[in-house]
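**Student:** I'll drop the sequence and a predicted model, then ask my questions.
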Amino acid sequence: MALEIERKFLTRGNSWRQTSTGSARILQGYFARTALVRARIRIYGDKGFITLKSEGGKLVRQEYEYEIPKSDAFEMIQKFSLEPIITKVRYDVPFEGVIWAVDVFEGANSGLVLAEAELKKIDQPLPLPPWAGLEVTDDHRYGNSNLARYPFITWDDYRKPPSGAEDA
């Protein structure tokens, strides 16, 4: 079984940019959603992927990801996306032996910057960089599939989704 162990944080300021080692544009769309799984197509830089992930808002999730031709991924995103497409730029930011993924969202999620760290095991210590703010790992609102449905700019006070918003 493929497991993803990930912690997610809001960021404070832009000091993470000083140590960024690279970036890539991400374009992704969701084509299936159930209470158990989210299915997405993603273009990450010059590659395409199809991914199945278990329910969001959890530290440990099942994840199955397969590379597909970028041209197929682009066509599938255009034809099969259920909600608006997520666009963001992902920056690689090393800190004390961990490569953090800092996502700067665009479009309807503009203004949101999230930092994620993938862990090898659930109890792995994670030194937090000074720019890591509030942890939102268990908050489903910050999952990409929820952001496709309920974009960040529509949230009241940019902290909570509109009334009745749920990631299901």
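**Tutor:** Structure's in. What do you need? Numbers count the residues shown, from 1 in each chain.
**Student:** which residues of this protein score low on pLDDT?
**Tutor:** Scanning the chain with the threshold set as pLDDT under 70 gives 1, 56-57, 157-168.
**Student:** any chance you could map the strands in it?
**Tutor:** When assigned using DSSP state E, the strands of the chain occupy the ranges 3-11, 22-33, 37-44, 47-54, 60-68, 86-95, 98-105, 113-119, 132-135.
**Student:** Output the longest helix belonging to the chain.
**Tutor:** Longest helix of the chain, by residue count under DSSP state H: helix 70-80.
**Student:** What are the buried residues along that one?
**Tutor:** Residues 73, 76-77 are the ones in helix 70-80 that count as buried (16 or more other CB atoms under 10 Å). (Glycine included, C-beta is placed from N, CA and C.)
**Student:** how close does the most centrally placed residue in the chain sit to Pro151?
**Tutor:** Geometric centre of the chain, nearest residue: Asn144, 4.9 Å, by CA atoms, centre = their mean. With distances taken as CB to CB, to the nearest Å, Asn144 is found 11 Å from Pro151.
**Student:** pretty sure Thr19 contacts Asp92?
**Tutor:** No: look at Thr19 against Asp92 with CB atoms under 8 Å: they stay out of range, at 9.5 Å.
**Student:** What separation do you get for Gly13 and Ser145?
**Tutor:** With the distance defined as CB to CB, Gly13 ends up 27 Å from Ser145.
**Student:** more crowded one of the two?
**Tutor:** Ser145 (22 against 10; other CB atoms under 10 Å).
**Student:** now the strands of the chain as CSV including distance to Pro125 and mean neighbour count?
**Tutor:** Converted to CSV, the strands of the chain look like this (distance: least, CB to CB, whole Å; neighbours: other CB atoms under 10 Å):
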stretch, distance to Pro125, mean neighbour count
strand 3-11, 11, 19
strand 22-33, 25, 17
strand 37-44, 28, 21
strand 47-54, 25, 17
strand 60-68, 16, 14
strand 86-95, 13, 18
strand 98-105, 10, 19
strand 113-119, 9, 20
strand 132-135, 14, 16
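**Student:** For these, give me CSV that also has distance to Trp155.
**Tutor:** Output for the strands of the chain, formatted as CSV (distance: least, CB to CB, whole Å):
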stretch, distance to Trp155
strand 3-11, 13
strand 22-33, 19
strand 37-44, 20
strand 47-54, 22
strand 60-68, 23
strand 86-95, 15
strand 98-105, 12
strand 113-119, 14
strand 132-135, 14
